[in-house]
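[1] My questions concern the predicted model and sequence given below.
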Amino acid sequence: MAGDDERIPVLDVRGVTKTFPGVIANEDVDLVLHEGEIHCLLGENGAGKSTLMNVVFGLYQPDKGSIRVRGEQVQFTGVGDAIDHGIGMVHQHFQLIPVFTVAENVILGNELTNGPFLDINEARRRIIELEDKYGLAVDPDAKVGDLSVGEQQRVEVIKALFREAEILILDEPTAVLTPGEVDEFFGVVRSLVDQGKSIIFITHKLREVLAVADRITVLRNGKVAGTADPSTATQKSLANLMVGREVVFQVAKGDAHPGDPVIKITGLRVEDVRGARTVNGLSVEVRAGEIFGVAGVEGNGQRELVEAVTGMRPKIGGTVEILGQDATKMSPRQITELGTGHIPEDRNKHGVVGAYSIADNLILNRYFKPPFARRWLRNEAAIASEAEELVAQFDVRTPGIHVAVDNLSGGNQQKVIVARELTGDVKALVVAQPTRGLDVGSIEFIHNAIIALRDKGVGVLLVSAELDEILSLSDRIGVLYRGRLVGTFDGADATREELGYLMATGAAPESEEAAS
Amino acid sequence: MSMGTDQRDLEPSGFRLKVQEAFQLQPVLVPLYAILLSFIVGGILIALIGVNPFEAYWALLRGMFGSKDNIAASVARSVPFMGSALALAFAFRAGLFNIGAEGQLLVGGVTAAWVGTWAWMTDTPAIIAIPIILLAGAFGGFMWGWVPGILRAKTGAHEVISTIMLNSIALFLVRWIVNSRDPVILRDLEASVPRTEAISDTAELPTIIDSQPPLHWGLFVMLGVCFLIAFVLKRTTFGFETITVGTNPHAARYAGMSVDRIIILAMAISGACAGIAAASEVSGTNQLFQPGTFALIGFDGIAVALLARANPIGIIPSALLWGSLLSGAPLMQQEADVSIDVVRIIQSMVLLFVAADAIVRYIFRVRGEAEAHIKASTTGWAGQ
Amino acid sequence: MSAQSIDLTAGDLVEARRFGRRQITGMVFGVAGIALIALVAPNITGDTRTFAFEPPPDALDFSFDPPTMVTIIGLIYLLAGGLSFLPQQFDRWAGRGQLLAAAATIPLILVVALGLSATPATNVTNLFDESLVLATPIALGAMTGLWSERSGIINIGIEGTMLGSAGVGFMIFATLGEASSTTWLWIAILVAVLTGGALALLLAVLSIRYQINQIVAGVVINLFALGLTGFLRSEVIVPSGNSKGISTSEFGIPLLEQIPILGDTFFTGKPIHYMMYAVVFLTWLVMFRTAWGLRVRSCGEDPHAAETLGIDVIKTRYRSVVLGGFIAGLAGAWFSMESQSGFEDNMTNAAGFIALAAMIFGKWTPGGAFAGALLFGFARALGSRLQFLEVEISGFGIPSEFFQSLPFAVTLVVVAGALGRSIAPAAEGQPYRPSK
């Protein structure tokens, strides 16, 4: 099918260049999409995939290049134009309004009216029609904020279909789904293609590309690094195209020498911001000198677990012991002072104060202690020399220590956090999604830093949504499902299939009835 | 984006940079142009009513700085604004919007007056009595700022709405304290207008120049408070905590700071700044407390602080500009028959042009990026 | 903004508290209830007191015995307090109980004031009529805030917008209509409405085009209006010699005005007052039942999501803010051309800020904001009323200031209690830059 280039493509992108101040996001990119085809756009974080799609969707205007839809040259000045040409996009970060209902979200911008008033009944009828046609069940009257991530994604798809989109752009659609939900989602994608829709599927997951793609384009540093045919391509060949060099899939690490427990959690129960009990009777022991990986689909209590252990969220029940001390009722400050480091999940929200300099961010959790403070006065000299040292040690790429952290790349921001949390007298480390959205170089650096710390005898609790990260770093792995650990594995023995099944169902294959 | 490296390399470095910085007029240039532009707008209005704007401005200028007494009066008018502006600025740095300076001034002032009329104060030497009355004012303001602080921290009630409510409550409270004849609380029964009895002589701040209003030692008190607050914000760990909470409360909490404690303290200290300014007025200007004298001082303090971009040192020139314009305006009215309200229009224009410096840069072709004014985004009422 | 961040946006700064906001408020009500029953009720006079609903001679009235009434209200407080300590799933009931208790405060103030005063009766109808009238500018101001803030622009310039419109409107009336022609009165009201729109446009340009801090923009409007109107008063209005004149006149709605009691209270009044009801209703209707309202709300919640659906966020915000300005203009006209005829410096006297409080009190809904406006209207009406009722407890005069400040104190308790965090439009206050 890849050879059938005589047909007029439904979408033909030629030579698109898009620059932002100081950055070339896309350079001379070509992309051809044929009717009824799934075209995968593959690339690392920051390779320019989302920028390209935002150009196609009319959110950005390209500096150079042309876009043709069904042979017709188009010039989109806004999203409205793209929608009118039958292009729909499901954004990586859902563009939904949580306080609106599903129906309101779907019709927003394309409202159905009855006289001057909104016609919610007609909207509901049309939505249910679409749901039946493509197998996308979701209650049109539910508040979007109350829906699961998978359901929210369906709402995004319905939004595009409601606008009669013929070309659907799916931006990293599987990042937030369970392995089971991913399969279900692929089913939806196939039924869309069967009904004549054409799809651009953006991802950085090689396995998915090979599973769904009819055609593959790989982006690297904003340029097309190559195209590939899924029937002949392998994960390794695609990875090399994507990164531009040989990729080491396994992190080198020696055997663990576990010691005494440093973090001991017993029967922990925690509620999330909405009062739902997301951690429910979780018990685990993390020993010195080992990395305990918590695998699981996002939203199964990871965030609450991490926040409860680090003192940022009250516990409803159970106990947390850190280094032999009862930390159940301790504040974040007390827990840090015990010798606990915490690399938070949300870098910009919790990890750094973006407007602050690198130096100030590096002492954010110890600004009150000597030598950084003399009683209640700041000691600028000590703060600066600490910063110089850590910037060099952790390879933070910056023109100086007084540069605001906002001006650093994501990888360098994360290095600042890692530098802060890994220095000092750390005996226990809680790590959440440490490499999300980072480039390969930074990922390697951070992985090695965590392993080095474990080799020094620190106990590490690692929470990550990336199964590959869990598998390559962990000495032991627990699967988190609905707020509890439903299985514990030895890091060396665990297989992706076994973990994936447990993550999705909460039970091993033979005892499925016992689940839920 | 780590592109900063490349751009930085292109910039001049070392000695050349230092020389350029020394002659760097830009930070001063924009506010100066903003003031000029505001006077042009005011001038057009004056011309519209058939008065020569230059004559009017000449009278205004002489009213502001024409004589030693006028200069003293201008400075004296500015002093209370320093306190009410600090009340906004300090909380602002903690991410809070304290528009309760009006109430904090009233409560601080009435507390100071109450303490000042204590019988034993007359036998106390000034060196002790003056600090006592100032601290009393600060305490009153502190408490009136503490309430919205604790409500915000513990219940999430937004400080804007609670300080508005507390302004009204404070007004009724002091009105009762000062008006009531039965029972008499602090009212001076001899006086025809509601006001407290005069404070003890020993608690009066010494006058420097007997202008109208008199310039007294309250000036140095408030200058000291401005520098103290600047020092606290810049050099102490508490200041670091305060600004962290104001910039990213989530990161502050993650870093182990007690966000609640900082919010409560920031509001209370803000209130204390207003309270001490009120005490300085009670002690140095009127020697008694009369609610009307504080009208609009809190309201104007908001503008003075925002003009200074919530910078405690910047508040000093900002308050001086504010006070001297208000002080000079009556002469303009007398001589050129131009309503003193022109001054208020000029003030609002100064704030506008300083805030929207893009306009000034466009008109005067000042190079450089428009600055993000303080924090361009404010938290919604829900606060985060 | 994104689905992942949905549960991040809710205020997760809440630290460990065994006592939530709800319980604290519950305690306040509980303690107040006990105090009412145990302390106030036994000490208040047992003589019968009367609420009259019509002026004598044939007064329709409601006579009661103050201790009983106080006890009943005390029980309502206790109930609200008790409900607050029920388990989580009764949250809704606790909220209702607290609102009921808050509402019961109004009769409480009346009963206690009347019970403590020497007068046996007071005319309640007049009091409510006055409350509604005084609520007019507050309700209108709250709608101004609603239109602006629902679209994502914080508006603390309501005060200045109302003041500016009051001044400019009356200036036109005084100079062109000599403050006496009815035609010019209506033209002047229209000018006031347009002035409100113009001042709101200034706010919109500053916050949308120049992206300056929206609170600063509001302060600029307030200051500017204060200066401008003062200037216009002394330079134009006073020299014109028409500082006072006619104002809009009262009229009754045919048929309805003849209903006893209600006719006088609700169906006889002045035009801007009636328009206020229409504005509140239309605000609700347009904002929650039309496509445009849905778009406005989406801009206030997540402008980038709105943008991906082809909505022009900037245009929507401009329109919404300016529409709000027109409403504030009408409120301004109420001050200088309905409630009285003439302009005084700073005559809005913080009504704009109170309107803001009413809007927050009403959780950004037209109905709630209107209820808040009524509460404050009642506070103002009561203030003037209580000066005539001389209230005292065993020889000690309770100052009228105490009663006047009660509504503000109640608001403080309600805001701290029954209202939650994170109910404001999510994107409020953040400058929006369209994608390019």
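    Great, that's in hand. Keep in mind the model is a prediction, meaning the values are calculated, not measured. Numbering: from 1, shown residues only, chains lettered A, B, ... in the order given.

[2] where does chain B have low pLDDT?
    For chain B, the stretches flagged by pLDDT under 70 are B:1-27, B:367-384.

[3] nope, the stretch 51-200 of chain C is what I was after
    For the stretch 51-200 of chain C (pLDDT under 70), the answer is C:53-60, C:88-89, C:116-118.

[4] mind listing the helices for it?
    C:66-83, C:91-116, C:124-150, C:158-176, C:182-204 (DSSP state H, counting those that start in this stretch).

[5] among these, which is nearest C:Met275?
    helix C:124-150 (8.3 Å; C-beta to C-beta). The way it works is simple: take the backbone N, C-alpha and C, and place the C-beta from them, glycine included.

[6] between the helices of the stretch 51-200 of chain C, which gets nearest to A:Val284?
    Closest among these, once you apply C-beta to C-beta, is helix C:91-116, at 32.3 Å.

[7] Which strands and helices lie in contact with that closest one?
    helix C:21-35, strand C:49-52, helix C:66-83, strand C:121-123, helix C:366-386, helix C:400-416 (3 or more C-beta pairs under 8 Å, 6 or more residues apart in numbering or on different chains; DSSP states H and E).

[8] and the angle for that helix with helix C:124-150?
    If you take axes from the mean of the first three to the mean of the last three C-alpha atoms, to 10 degrees, helix C:91-116 sits at 140 degrees to helix C:124-150.

[9] tell me which residues in helix C:91-116 are buried?
    By neighbour count with 16 or more other C-beta atoms under 10 Å in any protein chain shown, helix C:91-116 contains the buried residues C:94-95, C:97-98, C:101-102, C:104-116.

[10] Of the helices of the stretch 51-200 of chain C, flag the one that's most buried.
    Most buried of those by mean neighbour count (mean count of other C-beta atoms under 10 Å in any protein chain shown) is helix C:158-176; its value is a mean of 30.

[11] tilt between that one and helix C:124-150?
    110 degrees.

[12] Extract the C-alpha set from helix C:158-176 and format it as CSV.
    C-alpha atoms of helix C:158-176 as CSV (Å, rounded to 0.1, in the frame of the first residue of the first chain):
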residue,chain,number,x,y,z
ILE,C,158,-16.2,47.9,39.1
GLU,C,159,-16.2,50.7,41.7
GLY,C,160,-14.5,53.1,39.3
THR,C,161,-16.7,52.0,36.3
MET,C,162,-19.8,52.8,38.3
LEU,C,163,-18.4,56.1,39.6
GLY,C,164,-17.2,57.2,36.2
SER,C,165,-20.6,56.5,34.6
ALA,C,166,-22.5,58.2,37.4
GLY,C,167,-20.4,61.3,36.9
VAL,C,168,-20.3,61.5,33.1
GLY,C,169,-24.0,60.6,32.9
PHE,C,170,-25.1,63.3,35.2
MET,C,171,-22.7,65.8,33.6
ILE,C,172,-24.6,65.3,30.3
PHE,C,173,-27.9,65.6,32.1
ALA,C,174,-26.8,68.8,33.9
THR,C,175,-25.3,70.5,30.9
LEU,C,176,-27.5,69.5,28.1
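
[13] and the nearest residue to C:Ala351 once chain neighbours are set aside, what is it in contact with?
    Leaving aside its sequence neighbours, C:Ala351 sits nearest to C:Pro137 (C-beta to C-beta, 6 or more residues apart in numbering or on different chains; 5.0 Å). Shown in contact with C:Pro137 (C-beta atoms under 8 Å, 6 or more residues apart in numbering or on different chains): C:Met162, C:Ala331, C:Trp334, C:Phe335, C:Ser339, C:Thr348, C:Ala351, C:Ala355.

[14] Please tell me how far C:Gly342 sits from chain A.
    C:Gly342 is 39 Å from chain A, where distance means C-beta to the nearest C-beta, to the nearest Å.

[15] so that residue makes contact with C:Ser243?
    Yes - using C-beta atoms under 8 Å, C:Gly342 is in contact with C:Ser243, at 5.5 Å.

[16] The helices and strands packed on helix C:91-116: which one's closest to chain A?
    Nearest of those to chain A, taken as C-beta to the nearest C-beta: helix C:21-35 at 12.0 Å.

[17] Show me which positions of that closest one end up buried.
    C:Arg21, C:Arg22, C:Gln23, C:Ile24, C:Thr25, C:Gly26, C:Val28, C:Phe29, C:Gly30, C:Ala32, C:Gly33.

[18] Now the two most distant members of these.
    C:Arg21 and C:Gly33 (18.5 Å).

[19] How far off centre is the host helix or strand of A:Leu268?
    A:Leu268 is part of strand A:261-271 when elements are defined by DSSP states H and E. In terms of C-alpha atoms, centre = their mean, to the nearest Å, the centre of strand A:261-271 is found 25 Å from the chain centre.

[20] Now do the next helix or strand after it: distance to the chain's middle.
    Sequence-wise, the next helix or strand downstream of strand A:261-271 (DSSP H and E) is strand A:277-287. Its chain's C-alpha centre and that of strand A:277-287 lie 23 Å apart, by C-alpha atoms, centre = their mean.

[21] so what does the following helix or strand past strand A:277-287 touch, helix or strand wise?
    Later in the chain than strand A:277-287, the nearest helix or strand by DSSP H and E is strand A:291-295. If contacts are counted by 3+ C-beta pairs under 8 Å, 6+ apart, strand A:291-295 sits against helix A:440-455, strand A:459-463, helix A:467-473, strand A:476-481.

[22] If anything else comes up later, I'll come back, but that's it for now.
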